[in-house]
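Participant: coordinates only, sequence not included:
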C-alpha cells in the first residue's frame with residue numbers, strides 16, 4: 001500500500017479521536033454547570049417542598065385539636081346527652097382530663113400507624129409507576145390524595161353528630177391515592193436530582209432541608225395564632241389553596257430526559273411481557289444496588305442513624321400533647337414556645353465564641 005495513503009488514513013483516525021476527547025471533556029464540564037432549566041426546576045422543587053411543609057404542619061396541629069375536641073364532646077355527651085348544642089364548642093382546659101387525653105393518644109397512634117402502613121405498602125408500586133408515567137403526574141396524584149384526607153377530617157369533625165370521632169383515623173386511607181408522604185418527597189427530590197449538577201447536588205439538598213425547617217417554624221406560629229382565636233378549622237382549610245399552588249408548581253416544572261426510549265413492541269403480548277420484565281428488572285436492580293451499598297461501612301453507619309432520626313417526630317408529637325396536659329397550657333401557647341426555641345439555639349451557640357473573641361474588660365474604679 002502506498003505511504004501517502006497510510007499517512008492520510010492515520011491522520012483521519014487521530015482527528016476523530018481528538019473530537020471524541022473534546023466531547024467527553026465538554027460533557028464533564030457540563031456536569032458542573034447550572035443550566036437555566038436546572039435553576040428553574042431547583043427553585044420550583046424548593047417551592048413545592050416549602051408549600052407542602054407549610055400545609056402539613058397546619059394539618060397536623062389542626063387535627064390534634066379537632067380530634068381532642070371531638071373526644072371531649074363525646075365524653076361530656078355520655079353524661080348529659082340532652083345538651084348537644086351546649087357542647088358544640090368546649091373550652092380547651094376542660095379537655096385535659098386523663099381519660100380524654102388517653103383516648104386522644106390512642107387515636108393519634110392509630111392514625112400514625114395507618115399512615116405508615118399506607119406508605120410502606122404503596123411506596124414500591126408507585127415507585128415503579130414513576131418510570132412509566134413520570135414524576136410530575138405521580139406527585140400530582142399524591143397531592144390529590146393528601147387533600148382528600150384533609151377533607152375527610154373536616155367532614156368528620158364538622159358533622160360530629162353523624163360521624164363518630166374514631167372515623168377520623170380512616171383519613172390515611174385516602175393517601176392510597178398517590179402512595180403517601182414517602183413517595184412524594186422521593187419524587188420531588190428525584191426531580192431536583194435530575195436537573196441539579198453533581199457538584200452542587202448535596203448543597204442544593206441541604207438548602208431544601210433548611211427551607212423546610214424554617215417553613216415548619218413559621219407554620220407552627222401561624223397555626224398557633226389561628227387556634228388562639230378559636231379558628232379550629234381554618235388551618236385545615238388553608239391546605240386546599242396551598243395544595244392548588246403545589247399542583248401549579250408541578251405543572252411548571254420541565255421534565256428532564258433520562259434515557260432514550262427503546263423500540264416499540266410488535267404486539268400486545270410482547271408489550272405485556274416487556275412490562276413484566278421491566279418490573280422484575282427494576283426489583284432486581286434495586287436489590288443489587290442495596291447489596292452494593294451495604295458493603296460500604298459509611299453507608300451502614302448512616303443507615304443505622306435512620307431509626308434514631310425517625311424517632312424524633314413521634315417524640316415531638318408526644319411532647320406536643322404532654323406539655324399542655326402537664327403544665328395546663330393551651331395548644332396555641334405550646335406552639336409559640338416551640339417556635340421560639342429553635343430561634344434561640346443558634347444565638348446560644350454563638351455566645352461562647354463571641355465572649356472568647358471579644359472579652360469583657362473590667363473598668364478601673
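Facilitator: On my side now, so go ahead. Quantities reported herein were computed from a predicted structural model and do not represent experimental measurements. Numbers count the residues shown, from 1 in each chain.
Participant: buried residues in the helix or strand that contains residue 208?
Facilitator: Taking DSSP states H and E as the definition, residue 208 sits inside helix 201-228. Neighbour counts using 16 or more other CB atoms under 10 Å place 204, 208, 212, 215-217, 219-224, 226-227 of helix 201-228 among the buried residues. Placement of C-beta: from N, CA and C, glycine included.
Participant: equivalent analysis for stretch 99-108, please.
Facilitator: Going by neighbour count (16+ other CB under 10 Å), the buried part of stretch 99-108 is 100, 101, 103, 104, 107, 108.
Participant: re the thing from before, adding pLDDT, write the buried residues of helix 201-228 out as JSON lines.
Facilitator: Shown next, in JSON lines, are those (pLDDT from 0 to 100):
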{"residue": "204", "pLDDT": "84"}
{"residue": "208", "pLDDT": "87"}
{"residue": "212", "pLDDT": "87"}
{"residue": "215", "pLDDT": "89"}
{"residue": "216", "pLDDT": "85"}
{"residue": "217", "pLDDT": "85"}
{"residue": "219", "pLDDT": "88"}
{"residue": "220", "pLDDT": "85"}
{"residue": "221", "pLDDT": "86"}
{"residue": "222", "pLDDT": "88"}
{"residue": "223", "pLDDT": "86"}
{"residue": "224", "pLDDT": "84"}
{"residue": "226", "pLDDT": "88"}
{"residue": "227", "pLDDT": "84"}
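Participant: closest to residue 48 among these?
Facilitator: Proximity of the buried residues of helix 201-228 to residue 48 (CB to CB) peaks at residue 208, which lies at 9.8 Å.
Participant: give the contact list for the closest one.
Facilitator: Residues near residue 208 by CB atoms under 8 Å, 6 or more residues apart in numbering: 45, 46, 49, 189, 192.
Participant: residue 64: which of those residues is nearest?
Facilitator: Nearest member of those to residue 64, counting by CB to CB, is residue 49, at 22.8 Å.
Participant: picking up where we left off before, just the contacts of residue 208: which are in helices?
Facilitator: Judged by DSSP state H, helices contain the following of the contacts of residue 208: 45, 46, 49, 189, 192.
Participant: what ranges do the helices span in the stretch 1-150 of the chain?
Facilitator: With DSSP state H, counting those that start in this stretch as the criterion, the stretch 1-150 of the chain has helices at 3-31, 36-79, 98-133, 135-158.
Participant: TSV for these, including distance to residue 247 and mean pLDDT?
Facilitator: Output for the helices of the stretch 1-150 of the chain, formatted as TSV (distance: least, CB to CB, whole Å; pLDDT from 0 to 100):
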stretch	distance to residue 247	mean pLDDT
helix 3-31	32	51
helix 36-79	9	89
helix 98-133	16	87
helix 135-158	6	93
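Participant: which two among the ones in helices among the contacts of residue 208 are spaced furthest apart?
Facilitator: Pairwise distances across the ones in helices among the contacts of residue 208 peak at 10.8 Å for 46 and 189 (criterion: CB to CB).
Participant: one step back: just the closest of the buried residues of helix 201-228 to residue 296, please.
Facilitator: Nearest to residue 296 among the buried residues of helix 201-228 is residue 204, at 23.0 Å by CB to CB.
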